[in-house]
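K.L.:
No sequence on hand, only this structure:
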(Lines give C-alpha, C1' and ligand atoms only; values in the text may rest on other atoms or scores of the structure.)
Protein backbone atom coordinates (compact mmCIF):
# COMPACT_ATOMS: atom_id res chain seq x y z
CA UNK A 1 0.00 0.00 0.00
CA UNK A 2 1.66 3.22 -1.17
CA UNK A 3 1.55 6.57 0.60
CA UNK A 4 0.89 9.77 -1.32
CA UNK A 5 1.76 13.26 -0.10
CA UNK A 6 -0.52 16.09 -1.23
CA UNK A 7 0.46 19.75 -1.36
CA UNK A 8 -1.30 22.82 0.03
CA UNK A 9 -5.06 22.41 -0.58
CA UNK A 10 -6.11 25.76 0.94
CA UNK A 11 -9.78 24.85 1.04
CA UNK A 12 -9.96 23.94 -2.67
CA UNK A 13 -12.21 20.95 -2.00
CA UNK A 14 -13.27 20.30 -5.58
CA UNK A 15 -9.67 20.08 -6.77
CA UNK A 16 -8.92 17.72 -3.89
CA UNK A 17 -11.79 15.42 -4.87
CA UNK A 18 -10.49 15.30 -8.44
CA UNK A 19 -6.94 14.54 -7.30
CA UNK A 20 -8.02 11.80 -4.89
CA UNK A 21 -9.95 10.17 -7.74
CA UNK A 22 -6.62 9.78 -9.57
CA UNK A 23 -4.94 8.00 -6.67
CA UNK A 24 -5.34 4.33 -5.69
CA UNK A 25 -8.42 4.00 -3.49
CA UNK A 26 -6.49 2.05 -0.84
CA UNK A 27 -3.46 4.34 -0.70
CA UNK A 28 -2.50 6.27 2.42
CA UNK A 29 -2.42 10.07 2.27
CA UNK A 30 -0.17 12.65 3.96
CA UNK A 31 -1.39 16.23 3.62
CA UNK A 32 1.57 18.56 3.82
CA UNK A 33 -0.24 21.37 5.68
CA UNK A 34 -2.31 24.44 4.81
CA UNK A 35 -5.29 22.30 3.93
CA UNK A 36 -7.59 25.16 4.98
CA UNK A 37 -8.00 28.91 4.47
CA UNK A 38 -8.06 31.36 1.57
CA UNK A 39 -9.89 28.93 -0.73
CA UNK A 40 -13.68 28.55 -1.01
CA UNK A 41 -14.40 25.36 0.96
CA UNK A 42 -12.25 25.00 4.06
CA UNK A 43 -14.88 23.11 6.04
CA UNK A 44 -15.63 20.76 3.14
CA UNK A 45 -11.91 20.04 2.80
CA UNK A 46 -11.75 18.97 6.44
CA UNK A 47 -14.80 16.74 5.89
CA UNK A 48 -13.01 15.03 2.98
CA UNK A 49 -9.94 14.39 5.14
CA UNK A 50 -12.13 13.08 7.95
CA UNK A 51 -13.82 10.77 5.47
CA UNK A 52 -10.48 9.16 4.62
CA UNK A 53 -10.27 7.88 8.20
CA UNK A 54 -7.04 6.23 9.28
CA UNK A 55 -5.73 6.36 5.70
CA UNK A 56 -4.98 10.06 6.06
CA UNK A 57 -2.89 12.32 8.26
CA UNK A 58 -2.15 16.03 7.92
CA UNK A 59 0.82 18.07 9.05
CA UNK A 60 0.16 21.46 10.62
CA UNK A 61 0.86 24.41 8.33
CA UNK A 62 0.99 28.09 9.16
CA UNK A 63 -2.69 28.50 8.22
CA UNK A 64 -3.81 25.79 10.64
CA UNK A 65 -1.76 27.39 13.41
CA UNK A 66 -3.26 30.79 12.59
CA UNK A 67 -6.74 29.23 12.71
CA UNK A 68 -6.10 27.68 16.11
CA UNK A 69 -4.89 31.03 17.45
CA UNK A 70 -7.98 32.84 16.10
CA UNK A 71 -10.21 30.21 17.68
CA UNK A 72 -8.34 30.66 20.97
CA UNK A 73 -9.00 34.40 20.83
CA UNK A 74 -5.30 35.26 20.47
CA UNK A 75 -5.33 36.47 16.83
CA UNK A 76 -7.80 38.36 14.65
CA UNK A 77 -9.47 37.02 11.53
CA UNK A 78 -7.80 38.39 8.40
CA UNK A 79 -9.91 39.89 5.63
CA UNK A 80 -9.02 37.01 3.28
CA UNK A 81 -9.55 34.21 5.82
CA UNK A 82 -12.14 31.55 4.96
CA UNK A 83 -12.11 29.67 8.25
CA UNK A 84 -15.10 31.13 10.10
CA UNK A 85 -17.36 28.41 8.68
CA UNK A 86 -15.25 25.89 10.57
CA UNK A 87 -15.75 27.72 13.88
CA UNK A 88 -19.49 27.98 13.17
CA UNK A 89 -19.92 24.28 12.37
CA UNK A 90 -21.94 22.25 14.92
CA UNK A 91 -18.77 20.30 15.70
CA UNK A 92 -16.43 23.29 15.51
CA UNK A 93 -14.84 22.61 18.91
CA UNK A 94 -14.30 18.95 18.03
CA UNK A 95 -12.65 19.98 14.77
CA UNK A 96 -10.26 22.32 16.60
CA UNK A 97 -9.42 19.61 19.11
CA UNK A 98 -8.72 17.22 16.24
CA UNK A 99 -6.57 19.69 14.29
CA UNK A 100 -4.39 20.53 17.29
CA UNK A 101 -3.39 16.86 17.50
CA UNK A 102 -1.89 16.95 14.00
CA UNK A 103 1.90 16.50 13.81
CA UNK A 104 4.37 19.24 12.92
CA UNK A 105 6.62 16.85 10.97
CA UNK A 106 6.61 13.19 9.95
CA UNK A 107 8.99 10.54 8.66
CA UNK A 108 6.99 8.47 6.15
CA UNK A 109 8.46 5.90 3.76
CA UNK A 110 11.89 7.29 4.74
CA UNK A 111 10.82 10.74 3.51
CA UNK A 112 10.87 13.68 5.93
CA UNK A 113 7.57 15.54 5.57
CA UNK A 114 7.44 19.17 6.74
CA UNK A 115 5.17 22.04 5.80
CA UNK A 116 7.85 24.53 4.75
CA UNK A 117 11.43 23.59 5.65
CA UNK A 118 13.86 22.18 8.18
CA UNK A 119 16.71 24.15 9.70
CA UNK A 120 20.09 23.69 8.05
CA UNK A 121 21.59 22.76 11.43
CA UNK A 122 18.98 20.06 12.16
CA UNK A 123 19.29 16.45 11.03
CA UNK A 124 16.13 14.38 10.56
CA UNK A 125 16.11 13.09 14.14
CA UNK A 126 16.54 16.63 15.53
CA UNK A 127 13.78 17.98 13.26
CA UNK A 128 11.28 15.39 14.49
CA UNK A 129 12.33 15.88 18.13
CA UNK A 130 11.85 19.65 17.98
CA UNK A 131 8.57 19.27 16.13
CA UNK A 132 7.41 17.10 19.01
CA UNK A 133 8.01 19.95 21.48
CA UNK A 134 5.42 22.07 19.66
CA UNK A 135 3.04 19.11 19.37
CA UNK A 136 3.21 18.56 23.14
CA UNK A 137 2.14 22.14 23.80
CA UNK A 138 -0.72 22.11 21.29
CA UNK A 139 -2.05 18.86 22.76
CA UNK A 140 -1.95 20.16 26.34
CA UNK A 141 -5.08 21.09 28.29
CA UNK A 142 -4.11 24.77 28.50
CA UNK A 143 -3.15 25.16 24.82
CA UNK A 144 -5.43 28.16 24.24
CA UNK A 145 -3.92 30.29 26.99
CA UNK A 146 -0.67 31.22 25.23
CA UNK A 147 -1.34 30.59 21.53
CA UNK A 148 -0.48 34.21 20.78
CA UNK A 149 3.07 33.59 22.02
CA UNK A 150 3.71 31.23 19.09
CA UNK A 151 3.79 34.06 16.53
CA UNK A 152 6.64 36.46 15.83
CA UNK A 153 9.88 36.65 13.86
CA UNK A 154 12.13 34.77 16.26
CA UNK A 155 15.24 33.17 14.75
CA UNK A 156 16.27 29.70 15.87
CA UNK A 157 18.97 29.29 18.51
CA UNK A 158 19.57 26.21 20.62
CA UNK A 159 19.78 28.45 23.69
CA UNK A 160 16.12 29.52 23.38
CA UNK A 161 13.65 28.42 26.03
CA UNK A 162 9.90 28.49 26.61
CA UNK A 163 7.63 30.10 24.05
CA UNK A 164 10.52 31.78 22.22
CA UNK A 165 11.86 28.30 21.50
CA UNK A 166 8.48 26.99 20.31
CA UNK A 167 8.01 30.12 18.18
CA UNK A 168 11.36 29.65 16.46
CA UNK A 169 10.67 25.96 15.78
CA UNK A 170 7.32 26.89 14.22
CA UNK A 171 8.97 29.57 12.11
CA UNK A 172 11.46 27.08 10.71
CA UNK A 173 8.91 24.35 10.01
CA UNK A 174 6.05 26.46 8.65
CA UNK A 175 7.39 29.80 7.36
CA UNK A 176 10.86 29.35 5.85
CA UNK A 177 11.62 29.86 2.16
CA UNK A 178 14.92 31.75 1.97
CA UNK A 179 17.92 32.11 4.26
CA UNK A 180 20.44 34.91 4.51
CA UNK A 181 24.14 34.23 4.02
CA UNK A 182 24.54 33.70 7.79
CA UNK A 183 21.74 31.10 7.85
CA UNK A 184 18.93 33.20 9.31
CA UNK A 185 15.36 33.00 8.03
CA UNK A 186 14.10 35.74 5.73
CA UNK A 187 10.44 36.54 6.41
CA UNK A 188 9.64 38.71 3.40
CA UNK A 189 10.69 37.08 0.11
CA UNK A 190 7.93 34.90 -1.39
CA UNK A 191 8.75 34.75 -5.08
CA UNK A 192 10.77 32.14 -6.94
CA UNK A 193 14.57 32.05 -6.59
CA UNK A 194 14.87 33.42 -10.15
CA UNK A 195 12.85 36.50 -9.11
CA UNK A 196 14.65 37.02 -5.80
CA UNK A 197 17.96 38.64 -4.91
CA UNK A 198 20.86 36.22 -5.18
CA UNK A 199 21.87 37.34 -1.69
CA UNK A 200 19.07 35.12 -0.38
CA UNK A 201 19.52 31.34 -0.51
CA UNK A 202 16.67 28.81 -0.85
CA UNK A 203 16.70 26.87 2.41
CA UNK A 204 17.38 23.53 0.71
CA UNK A 205 20.46 24.92 -1.07
CA UNK A 206 22.14 26.22 2.08
CA UNK A 207 25.70 24.81 2.45
CA UNK A 208 26.20 21.96 4.93
CA UNK A 209 22.47 21.40 5.48
CA UNK A 210 22.23 18.39 7.81
CA UNK A 211 19.32 16.80 5.90
CA UNK A 212 21.03 16.99 2.50
CA UNK A 213 21.23 13.18 2.29
CA UNK A 214 17.60 12.71 3.39
CA UNK A 215 14.56 12.85 1.13
CA UNK A 216 12.44 15.85 2.10
CA UNK A 217 8.99 16.82 0.82
CA UNK A 218 7.33 20.12 1.67
CA UNK A 219 4.77 22.70 0.56
CA UNK A 220 4.27 26.38 1.46
CA UNK A 221 6.17 27.81 -1.53
CA UNK A 222 3.71 28.16 -4.39
CA UNK A 223 6.09 30.14 -6.60
CA UNK A 224 8.86 27.54 -6.42
CA UNK A 225 7.33 24.96 -8.74
CA UNK A 226 8.48 21.37 -9.19
CA UNK A 227 12.19 22.18 -9.22
CA UNK A 228 14.81 19.47 -9.50
CA UNK A 229 17.29 19.29 -6.62
CA UNK A 230 18.77 16.17 -5.02
CA UNK A 231 16.39 14.62 -2.45
CA UNK A 232 14.06 17.66 -2.54
CA UNK A 233 10.40 17.15 -3.48
CA UNK A 234 8.22 20.28 -3.37
CA UNK A 235 4.43 19.92 -3.45
CA UNK A 236 2.83 23.38 -3.43
CA UNK A 237 2.06 24.15 -7.08
CA UNK A 238 -0.30 27.05 -6.51
CA UNK A 239 -3.69 25.32 -6.51
CA UNK A 240 -5.20 28.41 -4.89
CA UNK A 241 -3.77 30.69 -7.58
CA UNK A 242 -5.02 28.74 -10.60
CA UNK A 243 -2.03 26.39 -10.76
CA UNK A 244 -2.40 22.72 -9.89
CA UNK A 245 -2.92 20.47 -6.89
CA UNK A 246 -0.09 17.95 -6.70
CA UNK A 247 0.49 14.54 -5.10
CA UNK A 248 3.67 12.45 -4.96
CA UNK A 249 4.13 8.76 -4.29
CA UNK A 250 6.48 8.76 -1.30
CA UNK A 251 7.86 5.34 -2.24
CA UNK A 252 8.81 6.84 -5.61
CA UNK A 253 8.75 10.64 -5.28
CA UNK A 254 9.34 11.13 -8.99
CA UNK A 255 5.83 9.73 -9.60
CA UNK A 256 3.56 12.77 -9.64
CA UNK A 257 -0.21 13.18 -9.95
CA UNK A 258 -1.82 16.55 -10.68
CA UNK A 259 -5.13 18.24 -11.41
CA UNK A 260 -5.32 21.68 -12.96
CA UNK A 261 -7.15 24.08 -10.66
CA UNK A 262 -9.38 27.06 -11.42
CA UNK A 263 -8.30 30.50 -10.23
CA UNK A 264 -9.82 30.67 -6.77
CA UNK A 265 -7.90 33.73 -5.57
CA UNK A 266 -5.75 36.19 -7.51
CA UNK A 267 -2.09 35.83 -6.44
CA UNK A 268 -0.72 38.58 -4.17
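P.N.:
Received, thanks. Quick caveat, the model's predicted, so the values are computed rather than measured. Numbering: from 1, shown residues only.

K.L.:
those strands in the stretch 151-268 of the chain, which residues are they?
P.N.:
178-179, 185-186, 201-202, 215-218, 232-234, 244-249, 252-260 (DSSP state E, counting those that start in this stretch).

K.L.:
For residue 32, find the nearest of the ones you listed.
P.N.:
strand 215-218 (6.5 Å; C-beta to C-beta). (Each C-beta comes from the backbone N, C-alpha and C, glycine too.)

K.L.:
all helices for the stretch 51-200 of the chain, in order.
P.N.:
Assigned helices in the stretch 51-200 of the chain, in chain order: 62-71, 84-88, 92-99, 124-138, 162-175 (criterion: DSSP state H, counting those that start in this stretch).

K.L.:
can I get these in a markdown table with distance to residue 257?
P.N.:
Output for those, formatted as a markdown table (distance: least, C-beta to C-beta, whole Å):
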| stretch | distance to residue 257 |
| --- | --- |
| helix 62-71 | 23 |
| helix 84-88 | 27 |
| helix 92-99 | 25 |
| helix 124-138 | 26 |
| helix 162-175 | 24 |
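
K.L.:
can you put the strands of the stretch 151-268 of the chain in a markdown table and add distance to residue 53, mean neighbour count and mean pLDDT?
P.N.:
Listed next are these as a markdown table, based on distance: least, C-beta to C-beta, whole Å; neighbours: other C-beta atoms under 10 Å; pLDDT from 0 to 100:
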| stretch | distance to residue 53 | mean neighbour count | mean pLDDT |
| --- | --- | --- | --- |
| strand 178-179 | 38 | 22 | 98 |
| strand 185-186 | 36 | 20 | 98 |
| strand 201-202 | 36 | 19 | 98 |
| strand 215-218 | 22 | 24 | 98 |
| strand 232-234 | 25 | 22 | 98 |
| strand 244-249 | 18 | 23 | 98 |
| strand 252-260 | 21 | 15 | 96 |
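
K.L.:
Just the pLDDT for residue 265.
P.N.:
pLDDT for residue 265: 83.

K.L.:
Grab the nearest non-local neighbour of residue 216.
P.N.:
residue 112 (4.7 Å; C-beta to C-beta, 6 or more residues apart in numbering).

K.L.:
what's stretch 103-115 in contact with?
P.N.:
3, 5, 30, 32-34, 57, 59-62, 118, 124, 127-128, 131-132, 134-135, 169-170, 173-174, 211, 214-220, 233, 250-251, 253 (C-beta atoms under 8 Å, 6 or more residues apart in numbering).

K.L.:
Weed out the non-buried ones from those.
P.N.:
For the contacts of stretch 103-115, a burial check counting by 16 or more other C-beta atoms under 10 Å picks out 3, 5, 30, 32-34, 57, 59-62, 118, 124, 127-128, 131, 134-135, 169-170, 173-174, 211, 214-220, 233, 250, 253.

K.L.:
and of the strands of the stretch 151-268 of the chain, who's closest to residue 165?
P.N.:
Comparing those under C-beta to C-beta, the one sitting nearest is strand 185-186, at 14.8 Å.

K.L.:
Just checking: what are the partner strands of the closest one?
P.N.:
strand 178-179 (antiparallel) (DSSP bridges).
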